[in-house]
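**Q** mind looking at a prediction? Sequence and model below.
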Amino acid sequence: MPNDVFRAIDAMLVLGVDDTSSPEGAAADSLVAQYDLSNAVGRLRNVTISVTNDLAPFYEIGRRYPTHLRPGVIHVSGTAERAHVNGALLRLLLGDGAVSPPAAANFVQPAFNIIATLVDPARPDQNTKVTIFGAKFESWNYNIPSEDFVMESVSFQAIRLSFEES
């Protein structure tokens, strides 16, 4: 594994229907059932995933150095250089949140699962999947240059991360 070189295929963006008791999961589940949709709503290019842990050192009385590190809150976040998303589906999912100003004070923000497939060109029959559960878009940026293509980028926060080898 340490000597493997992985090439990433574009990451898939799917609706997060993991927990149908949550407002986001219920909205996504009803939308998928109503329109008989696959829950894939787009793909992401040049994805960066960051995992940070708020480690806290534990010092015993009279010790100069910590005796051990205690794990803290784990943050999963990242960015994508390009997001290809089905806008009509997102508008349906956002409901009142798609219009400005929203009619209701509270509305559901969609949650997504991001699935990145990593493939080693030397072993094309094997792959590793990195799944980010419960990602919500934190910001969406458009870059409108004067003499080039319009580019967009997105940053997200997520609930948890999973690795799966096959």
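**A** Okay, I see it. Numbering: from 1, shown residues only.
**Q** buried ones in the longest helix seen in the chain, by neighbour count?
**A** The longest helix of the chain (DSSP state H) is helix 23-35. Buried residues in helix 23-35, defined by neighbour count with 16 or more other Cβ atoms under 10 Å: 24, 25, 27, 28, 29, 31, 32. C-beta: built from backbone N, CA, C; applies to glycine.
**Q** so the fifth one sits against residue 19, correct?
**A** No - counting by Cβ atoms under 8 Å, residue 29 stays clear of residue 19, with 9.5 Å between them.
**Q** hmm, back to that, tell me the one of the buried residues of helix 23-35 nearest residue 103?
**A** Residue 103 lies nearest to residue 27 out of the buried residues of helix 23-35, by Cβ to Cβ, at 15.7 Å.
**Q** surely that closest one and residue 108 touch.
**A** Yes - proximity of residue 27 to residue 108 meets the contact threshold set by Cβ under 8 Å, at 4.7 Å.
**Q** what are the bridge partners for residue 69, then?
**A** Beta-bridge pairing for residue 69 (DSSP bridges): residue 57.
**Q** nope, residue 132 is what I was after
**A** In beta-bridge terms (that is, DSSP bridges), residue 132 pairs with residue 114, residue 161.
**Q** who's in contact with it?
**A** Applying Cβ atoms under 8 Å, 6 or more residues apart in numbering, we find residue 132 in contact with 49, 76, 78, 113, 114, 115, 116, 156, 158, 160, 161, 162.
**Q** buried sites along the following helix or strand past the longest helix of the chain?
**A** Counting by DSSP states H and E, the next helix or strand C-terminal to helix 23-35 is strand 40-53. Across strand 40-53, burial judged by 16+ other Cβ under 10 Å covers 41, 42, 43, 44, 47, 49.
**Q** let me know the closest of the residues you listed to residue 98.
**A** Nearest to residue 98, judged by Cβ to Cβ, of these is residue 41 at 14.4 Å.
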